[in-house]
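Q: Need coordinates for the following:
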Amino acid sequence: MVQLLYASTLGSSMLTSEEIEKILHKSRSNNPRWNITGILLYRSQIFIQLLEGDEQHVNSLYDKIKQDKRHSNVTEIARIHGGQRLFSGWDMAFKELDDSFDLKVINEILSWNSRLSRSPSISNLQILKMLSYFREQIDGNMVIEHQED
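A: This next block holds a predicted model:
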């Protein structure tokens with residue numbers, strides 16, 4: 001099992017809520033076939049996504065994402081092997097980032113890429129703890145329609 005965290009910017013103009021729903025619907029339809037779980041975080045023109053599952057399937061999906069014209073500047077932030085899924089039971093959770101604390105968390109995640117290259121002191125555990133904040137938020141809001149049946 002692997003957890004892959006990446007960030008990207010939107011390749012074109014802002015997405016409408018209907019376009020985001022289409023992306024989520026497609027993810028939630030396709031991901032169970034490959035036993036992929038995770039979360040998509042979105043704000044303005046930034047995507048941050050955690051993909052969890054068999055490494056071959058995650059790599060295949062990530063390769064498709066890198067070729068998707070909606071994404072540019074696709075950057076892998078972390079790849080964590082082993083361990084347990086953080087979003088087990090979720091085909092693809094979603095959170096549109098909207099408040100200042102969400103943005104502080106995202107700024108921290110985005111800063112990891114440069115800090116990881118300079119400092120091995122940022123652990124996988126710290127990355128997963130940061131992402132668990134969004135899992136707790138979603139669970140707390142009882143967003144049941146995003147969970148598998």
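Q: Can you name the next helix or strand after the lengthiest strand in the chain?
A: Ranked by residue count and defined by DSSP state E, the top strand of the chain is strand 71-81. Downstream of strand 71-81, the next assigned helix or strand under DSSP states H and E is strand 93-96.
Q: Which positions in that next one come out as buried?
A: Residues 93-95 are the ones in strand 93-96 that count as buried (16 or more other Cβ atoms under 10 Å). Just so you know, the C-beta spots here come from the backbone N, C-alpha and C atoms, and that holds for glycine as well.
Q: distance between it and the chain's centre?
A: How far strand 93-96 lies from its chain's middle: 9 Å, per Cα atoms, centre = their mean, to the nearest Å.
Q: do the same with stretch 25-43
A: Taking Cα atoms, centre = their mean, one finds stretch 25-43 lying 9 Å from the centre of the chain it belongs to.
Q: Just the C-alpha atoms of that stretch, please, in CSV.
A: Extracted in CSV, the C-alpha atoms of stretch 25-43 (Å, rounded to 0.1, in the frame of the first residue of the first chain):
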residue,chain,number,x,y,z
HIS,A,25,-18.3,11.7,-9.6
LYS,A,26,-15.8,10.2,-12.1
SER,A,27,-13.3,9.5,-9.3
ARG,A,28,-15.9,7.9,-7.1
SER,A,29,-17.1,5.7,-9.9
ASN,A,30,-13.6,4.6,-11.0
ASN,A,31,-11.6,4.4,-7.7
PRO,A,32,-13.5,1.4,-6.2
ARG,A,33,-12.5,-0.6,-9.2
TRP,A,34,-8.8,-0.2,-8.3
ASN,A,35,-9.4,0.0,-4.5
ILE,A,36,-8.1,3.6,-4.4
THR,A,37,-9.1,6.0,-1.6
GLY,A,38,-8.1,9.5,-0.7
ILE,A,39,-9.1,13.1,-0.5
LEU,A,40,-9.1,16.0,-3.0
LEU,A,41,-8.5,19.5,-1.5
TYR,A,42,-9.2,22.5,-3.7
ARG,A,43,-8.9,26.2,-3.4
